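Engineer: here are the coordinates; sequence isn't available:
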């Protein structure tokens, strides 16, 4: 039977259908909703499982042309950069700086754990990075982005392995975060503080907003600038032998543009860019997951499950004995510890869901809801990219059977 190929507009149409189905499933399955599983993951996994079963039953093989997917990833990371305003970062103060430093240490620990386990299973140490911060702290977007780089370098099946770790890490981060925070609160008999500092909000001060068409064109114009100059910056860095993924340079230009606009007292409407980023990410993930070849990781499911459980133990110990103590051993520190589990194993939405579950039961935590989203929205991705590049450049990685750069 001849293959069936999806390309161009057909890929976009199918991705939208996958998102719609994923939304319906997530709304009706309490477990998926409780642990903040993205609709693109629900729908995308269902789609790829269905297509795999059709092919295995003797049906056609499904082929996807995914050129537009890379552009969607660049747009998403650009919107991440646009959300990183220096005024907001200053509001986080000392607590934000401490948590960023802890996150950097944890990313190193997570990757060291992954690489050691890769050696233990007798595979290229590069796969250990996909069992570490690329997929777990980085999430689906980062796993797929680096998976493309690794596949081009010779690490076969890096993409599906990364997606598998990212998917199960997302679930694990949502499962362990709440119980860890609750354990700390009960053990140390912690209660929330009454006082909370006020942050001046300068965004969208004016009640008058430009017409929707004008706002939309403005968003598209700014994104086009960021993507174009990001590509120019990436080519220049490549020429001087500094190799960074395109999504990172686009994010860096986004940071510059948003802070320049704020300096000129013409702040960008963050809500508009967040909406574009969310749509881009969901479509990107839907396209990536629905085209995933599950049979390529079927034989490795046992080792993946074992490695995942070891990484869960690592982040649980790090949250209880490092994050909680360094952040002050108070109620805020306990809530931050629960959120950090979601951040280090899944994504910012999972971290926020963890903290919501705790604070709705025990009381509010201003500090936690300030620093965790800031770390998740910007710092974790930037630190992760730099630390991944550091590991790739290590001598033992270059001396392995297959180079990774």
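Structural biologist: Arrived safely. Keep in mind that what you see is a predicted model, and the values were worked out from it rather than measured. Numbers count the residues shown, from 1 in each chain.
Engineer: off-centre distance for whichever strand or helix holds residue 50?
Structural biologist: Residue 50 is part of helix 39-56 when elements are defined by DSSP states H and E. Computed by CA atoms, centre = their mean, to the nearest Å, the separation of helix 39-56 from the middle of its chain amounts to 21 Å.
Engineer: buried residues in the one helix or strand residue 17 maps to?
Structural biologist: The secondary structure element spanning residue 17 is helix 9-28 (assigned by DSSP H and E). Using 16 or more other CB atoms under 10 Å as the test for burial, helix 9-28 gives 11, 14-15, 18-19, 21-23, 25-26. All C-beta spots, glycine's among them, are computed from the backbone N, C-alpha and C.
Engineer: one more: stretch 242-258?
Structural biologist: By neighbour count with 16+ other CB under 10 Å, stretch 242-258 contains the buried residues 244-255, 257-258.
Engineer: tilt between the host helix or strand of residue 289 and helix 9-28?
Structural biologist: Secondary structure from DSSP H and E places residue 289 in helix 270-290. Relative orientation of helix 270-290 and helix 9-28, computed by axes from the mean of the first three to the mean of the last three CA atoms, to 10 degrees: 100 degrees.
Engineer: name the helices or strands packed onto the helix or strand just after helix 270-290?
Structural biologist: The first helix or strand that comes after helix 270-290 along the chain, using DSSP H and E, is helix 301-318. Other elements packing on helix 301-318 under the criterion 3 or more CB pairs under 8 Å, 6 or more residues apart in numbering; DSSP states H and E are helix 86-120, helix 158-188, helix 331-345.
Engineer: so how far is the next helix-or-strand element following helix 301-318 off the chain centroid?
Structural biologist: Beyond helix 301-318 in the direction of the C-terminus, DSSP H and E gives the next helix or strand as helix 324-326. The offset between the C-alpha centroid of helix 324-326 and the centroid of the whole chain comes to 24 Å, using CA atoms, centre = their mean.
Engineer: buried residues, helix 324-326. List them.
Structural biologist: Under the neighbour-count rule (16+ other CB under 10 Å), helix 324-326 has 324, 326 buried.
Engineer: tell me the mean pLDDT for that helix?
Structural biologist: Confidence for helix 324-326, expressed as mean pLDDT, is 96.
Engineer: where does the stretch 301-405 of the chain have low pLDDT?
Structural biologist: Screening the stretch 301-405 of the chain residue by residue with the criterion pLDDT under 70, one finds the ranges 349, 377-378, 398-405.
Engineer: just the buried residues of stretch 130-147, please?
Structural biologist: For stretch 130-147, a neighbour-count test (16+ other CB under 10 Å) marks 130-147 as buried.
Engineer: repeat that for stretch 94-106.
Structural biologist: Residues of stretch 94-106 classed as buried under the neighbour-count rule (16+ other CB under 10 Å) are 95-96, 98-100, 102-104, 106.
Engineer: tell me the mean pLDDT over the helix holding residue 17?
Structural biologist: Per-residue pLDDT over helix 9-28 has a mean of 91.
Engineer: what's it packed up against?
Structural biologist: With contacts defined as 3+ CB pairs under 8 Å, 6+ apart, helix 9-28 has these neighbours: helix 30-34, helix 39-56, helix 270-290.
Engineer: also compute the angle for that helix relative to helix 39-56, please.
Structural biologist: With the same axes, to 10 degrees as the criterion, the two stretches helix 9-28 and helix 39-56 enclose an angle of 110 degrees.
Engineer: can you list contacts of helix 9-28?
Structural biologist: Applying CB atoms under 8 Å, 6 or more residues apart in numbering, the external contacts of helix 9-28 come out as 6, 32-33, 37-44, 46-47, 64-66, 68, 282-283, 286-287, 289-290.
Engineer: pull out the buried members of those residues.
Structural biologist: Buried positions within these, assessed by neighbour count (16+ other CB under 10 Å), are 6, 32, 37-44, 46-47, 64, 66, 68, 282-283, 286-287, 289-290.
Engineer: quick check, central residue of the protein?
Structural biologist: Among the residues of the chain, the one closest to the centroid is residue 139, at 3.6 Å (CA atoms, centre = their mean).
Engineer: need the nearest residue in space to that one, chain neighbours excluded.
Structural biologist: Taking CB to CB, 6 or more residues apart in numbering, and ignoring the residues beside it in sequence, residue 139 has residue 347 as its nearest neighbour in space, at 4.5 Å.
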